[in-house]
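Engineer: structure for the following, please:
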Amino acid sequence: MRLILLALFTLFMAVKIVMAAGLEKVRITSLAKDRSQINGYLLRPDGAGPFPAIVALHGCGGLWQSKKRALTSRHADWGERLRKAGYVVLFPDSFGSRGQNSLCKVKKRPVKHSHRVGDIRGAADWLAAQPFVDRKKLALLGWSNGASSLLRALAPDQAPATTDYKTAIGFYPGCRTVFQKTSWRPRLKPLILMGAADDWTPPGPCKQLASRWGARLVLYKGAYHSFDTPNSRLRVLKGRAFSTNSNSIVHVGTHPQARSDAIKEVMAHLQAVLAPVH
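Structural biologist: This is a model prediction of the structure:
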């Protein structure tokens with residue numbers, strides 16, 4: 001009985017934290033082969049809408065802080081910023097919904113990019129069915145592993161079933177594998193933002209990919225991976241599954257100037273493409 005009560009209390013606290021953060025939990029049918037039911041976490045602007053909407057894709061560390069049921073600081077910061085600017089923000093929990101947490105140290109990952117592409121397609125269809133969403137104004141935003149999935153989701157045969165995205169913005173994706181796919185061009189040209197010093201997902205392949213696609217690539221001098229995370233000290237991480245030098249060691253942390261410039265870049269880009277109502 002004590003174990004049951006403890007489990008119920010833990011569940012209650014998790015829900016309480018999610019609701020306190022202004023998040024609404026929703027269920028999305030992924031269009032991946034596994035047809036998983038994905039948990040999505042929604043932020044809405046004040047008012048009835050319809051609003052433009054953004055599907056925001058977490059990196060290899062997952063959506064949540066490790067020690068408590070709250071969004072990581074990067075996701076929380078961007079989510080609230082976008083919500084206040086007049087956008088609906090939907091975070092598909094691709095890892096947690098499939099029983100996984102951080103996969104940054106795992107090479108053979110149980111949640112693959114193909115799963116996440118299916119989640120991206122399903123998220124667009126879910127949003128298109130909501131009365132508070134302007135289905136003609138959808139955007140993709142992703143970080144690291146999520147940005148890598150975003151690039152794959154731009155393949156000509158991976159459009160959502162109901163309505164397509166108007167634009168896609170990727171922070172520090174891994175571009176090498178996508179660059180090797182020479183047989184296709186994206187349905188729309190992404191905006192890619194990276195630290196020039198990134199030693200986790202190197203900018204070199206993204207330079208080549210952006211050149212081939214005619215896409216806009218913004219490099220921030222002196223910035224490493226996760227440069228847009230707020231108040232994150234620059235530090236070394238070991239044991240990563242991938243790194244530029246194949247030594248499993250990478251640098252991450254806030255670069256204040258790059259972060260400030262990237263926020264302006266993203267908000268201006270979204271304003272130009274989606275034109276929110278307020």
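Engineer: only C-alpha atoms from now on, for both contacts and neighbour counts.
Structural biologist: OK.
Engineer: next, give phi and psi for the closest residue to Tyr172 other than its chain neighbours.
Structural biologist: Distance criterion C-alpha to C-alpha, 6 or more residues apart in numbering; nearest residue to Tyr172, sequence neighbours excluded, is Met194 at 4.6 Å. Here is the backbone geometry of Met194 (degrees, to the nearest 10): phi -150, psi 150.
Engineer: count of residues packed around Ser66?
Structural biologist: Using other C-alpha atoms under 10 Å, Ser66 has 13 other residues around it.
Engineer: now swap in Arg44 and tell me
Structural biologist: The number of residues packed around Arg44, counting by other C-alpha under 10 Å, is 24.
Engineer: and if you look at the one 5 residues further on?
Structural biologist: As a burial measure, the neighbour count of Gly49 was computed by other C-alpha under 10 Å and equals 17.
Engineer: now do Pro110
Structural biologist: Number of residues near Pro110 (other C-alpha under 10 Å) recorded here: 13.
Engineer: gap between it and Ala155?
Structural biologist: Distance, Pro110 to Ala155, using C-alpha to C-alpha, to the nearest Å: 22 Å.
Engineer: with Asp46 instead?
Structural biologist: The gap separating Asp46 from Ala155 is 34 Å, by C-alpha to C-alpha.
Engineer: quick one: low-confidence ranges for the stretch 1-150 of the chain?
Structural biologist: 1-21, 67-68 (pLDDT under 70).
Engineer: all strands of it, in order?
Structural biologist: Secondary structure of the stretch 1-150 of the chain, counting by DSSP state E, counting those that start in this stretch: strands at 24-29, 37-43, 51-57, 88-92, 133-143.
Engineer: now swap in the stretch 151-278 of the chain and tell me
Structural biologist: Here the stretch 151-278 of the chain has its strands, by DSSP E, counting those that start in this stretch, at 167-171, 191-195, 216-220, 235-237, 250-252.
Engineer: of those, which is nearest Asp261?
Structural biologist: Of all these, strand 216-220 sits nearest to Asp261, with 8.7 Å by C-alpha to C-alpha.
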